[in-house]
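K.L.:
Got a predicted structure here, sequence first:
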Amino acid sequence: MTDPGWSDELLKQQMEECERLGVAPVVPLLDDYCIITPGVYEGAAGDCVRYPFSPPNSGWWFITDLWDGRTETAHPVHLRHMIEHRPGIVRWLALPPGYVVSVDERGEAVTGPAFDPSV
C-alpha cells in the first residue's frame, strides 16, 4: 500500500470508525482530491458523500445547501487542505464508497455515517 501520508493519530481515527461500523477501510491519500461546494471551508452544515472513484480522486464530495448544483461552483481540492478547514471529518475519510454523513456547523454527525446503496 502507498503511504497515505496521514499521521498515526489521524489514521487511527479512521481505522476506529471503520472498525466500529464493521467495514473494510479504503484509506485515501492526503494528496487525493475531494470536491467541495460553497460554504464548506466556512463551516456550513452539509453532507459528506463518498462516491465510487479512481485515483487521484478520493470519491469524497462535501456538499452544503449553499450549492446551486452547477459543476462550475464545485471545486476540487486536496484532502490535506480540506481537513485544515474541517478537521472533524477526518474520522470518516476511510469509509468505503457509498457512505454518507450529514454534519452540522461544528462538523458533528447529524445523521450517519450510513451506507446508501444509491450512491
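P.N.:
Thanks, I have the structure now.

K.L.:
hmm, who's touching stretch 24-36?
P.N.:
1-2, 4-6, 11, 14-15, 18, 55-62, 74-80, 82, 93-97 (Cβ atoms under 8 Å, 6 or more residues apart in numbering). The C-beta positions use only the backbone N, C-alpha and C, and glycine is treated the same way.

K.L.:
6 Å instead, please
P.N.:
Outside of stretch 24-36, the residues within contact range by Cβ atoms under 6 Å, 6 or more residues apart in numbering are 4-5, 15, 18, 56-58, 60-62, 74-80, 82, 93-94, 96.

K.L.:
just the buried members of these?
P.N.:
Among the contacts of stretch 24-36, those classed as buried by 16 or more other Cβ atoms under 10 Å are 4, 18, 57-58, 60-62, 74, 77-79, 82, 93-94.

K.L.:
will you turn those into a markdown table that also has distance to Ser102, secondary structure and pLDDT?
P.N.:
Output for the buried ones among the contacts of stretch 24-36, formatted as a markdown table (distance: Cβ to Cβ, whole Å; DSSP: H, G, I helix; E, B strand; the rest coil; pLDDT from 0 to 100):
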| residue | distance to Ser102 | secondary structure | pLDDT |
| --- | --- | --- | --- |
| Pro4 | 25 | coil | 69 |
| Cys18 | 19 | helix | 97 |
| Asn57 | 22 | strand | 97 |
| Ser58 | 19 | strand | 97 |
| Trp60 | 14 | strand | 98 |
| Trp61 | 13 | strand | 98 |
| Phe62 | 11 | strand | 97 |
| Ala74 | 18 | coil | 97 |
| Val77 | 20 | strand | 97 |
| His78 | 23 | strand | 96 |
| Leu79 | 19 | helix | 95 |
| Met82 | 17 | helix | 94 |
| Leu93 | 16 | coil | 96 |
| Ala94 | 18 | coil | 97 |
